Structures are given as structure tokens and as C-alpha cells.
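Student: have a look at this prediction, sequence included:
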Amino acid sequence: MIKELNKESFKERVHDIENEKGDSNFKGDKPCIIDFYADWCQPCKMLAPKLENIAKEYEGKIDVYKVNTESEQELSASFGIRSIPSLLFVPMGESPQMAAGMLDEKALKSVIIDVLKIK
């Protein structure tokens, strides 16, 4: 299941962007994907069911989160989000990687294997 994050829940589940600098302070217990989206964005709407499928297929192995760029402008700005959809892939113990634009399910799975190190 995909969980919606606001600034406070992001600080609890992912990273306290205000008080902790750098990538090494990831708070999660498994890798995650964070979808920066907006309700009006057609590519975001097309990506949503693909992410739902990924969340189901990799349940227990990765977390999938969503951040609404309209209601969480400060959080989005802290990641330099300029176009949506933008996906942040956060592996365990390594630097996160951002992908902007629409990805199909095959590309998503490839990034999950290559970046998040999940088979």
C-alpha cells in the first residue's frame, strides 16, 4: 500500500531534512520509492497504478510513498522538484537517486533491482 507523506511524516519515516544533513540518516527499515506528484498532473495519474502494482509486488521489501507537491511545496523544494512526476529511490546505506518523468513498469523494476538492490 502506498502511503501519503507530509513534511512531519517524511521527517519520521524517511529523513529529517531540517536537522540532519547528508544522505546517511535514512530512517526507514527498508528501501523506498517516493513519488512527488500533483493531482492535476496527467502523467502522475498514469504512473499511480504502476506504483500501486510495484507496492503490491514488493510488499515487505520496499516502501512506496507519495508527496503532493501542491500541498507540500517546502518539502518538494528541498529536493529541487521542478517537474513531475519525479521519483526518489532511496536504497539502504547508499545515496538516493532521482528520476524525473514517466517511467513504465519495466523501467521501475529495473531501477528497483539496480538502485534499491531488490530482486
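Tutor: Sure thing, it's come through. What you are looking at is a predicted structure, and each value in this text was computed from that prediction instead of being measured.

Student: ok, which stretches of this structure are strands?
Tutor: Secondary structure of the chain by DSSP state E: the strands cover 3-4, 32-37, 63-68, 86-90, 97-100.

Student: what is the shortest one packed up against?
Tutor: With contacts defined as 3 or more Cβ pairs under 8 Å, 6 or more residues apart in numbering; DSSP states H and E, the secondary structure elements packing on strand 3-4 are strand 63-68. C-betas here are computed from N, CA, C, even on glycine.

Student: centre-most residue in the chain?
Tutor: residue 34 (0.9 Å; Cα atoms, centre = their mean).

Student: OK, contacts around the residue nearest to it when sequence neighbours are not counted?
Tutor: Spatially, and ignoring its direct neighbours in sequence, residue 34 is nearest to residue 88 (4.2 Å; Cβ to Cβ, 6 or more residues apart in numbering). Contacts of residue 88 were listed using Cβ atoms under 8 Å, 6 or more residues apart in numbering, and they are 33-34, 36, 79, 96-98.

Student: now with 7 Å?
Tutor: 34, 79, 96, 98 (Cβ atoms under 7 Å, 6 or more residues apart in numbering).

Student: perfect, I'm done here.
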